[in-house]
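**Q** predicted model and sequence below, questions to follow.
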Amino acid sequence: MKKFYITTAIAYTNAKPHMGHALEIIQADTFARMYRIIGKDVVFQTGTDEHGVKNRRSAEKAGKEIRNFLDDIVDSYKNMYAKLLVSYDTFLRTSDIEAHYPGAQKFRNKLMEAGDIYKKKYI
């Protein structure tokens with residue numbers, strides 16, 4: 001049986017979710033449910049992007065340690081998804097050293113080996 005992999009853009013964690021995030025997750029969930037109903041094997045993944053200066057600045061502005069700030073934001077996404085009855089299979093955080101880092105490093109290394117990532121001066 002052909003497997004269907006459905007994913008969303010990973011939400012940036014500098015602020016709580018808004019209506020645009022709800023729209024995207026509902027649309028992705030609709031496709032996942034449709035494919036499941038017709039008997040397809042579906043993997044539906046979503047998650048959060050927790051890297052970047054903007055996240056750190058938002059945490060500082062809120063007066064929180066970065067990890068606590070991110071945990072609160074991630075909880076707000078998960079709570080919204082629960083209220084919307086979203087049927088995702090995997091919620092991945094880019095800060096997850098066990099689940100995210102190995103695949104990201106493998107992908108990066110393959111890109112480097114292929115010459116798609118390289119160092120060069122830009123003038």
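**A** Perfect, thanks for sending it.

**Q** what's the helix or strand hosting Thr30 packed up against?
**A** If you go by DSSP states H and E, Thr30 is part of helix 19-37. Under the contact criterion of 3 or more Cβ pairs under 8 Å, 6 or more residues apart in numbering; DSSP states H and E, helix 19-37 touches strand 3-7, strand 41-49, helix 66-83. Just so you know, the C-beta spots here come from the backbone N, C-alpha and C atoms, and that holds for glycine as well.

**Q** mind listing what's buried in the helix or strand that the longest one is followed by?
**A** Of the helices and strands lying after helix 66-83 in sequence (DSSP H and E), the nearest is strand 90-93. By neighbour count with 16 or more other Cβ atoms under 10 Å, strand 90-93 contains the buried residues Phe91, Leu92, Arg93.

**Q** who's in contact with the first one?
**A** When the contact criterion is Cβ atoms under 8 Å, 6 or more residues apart in numbering, the partners of Phe91 are Gln45, Thr46, Gly47, Thr48, Lys78, Tyr81.
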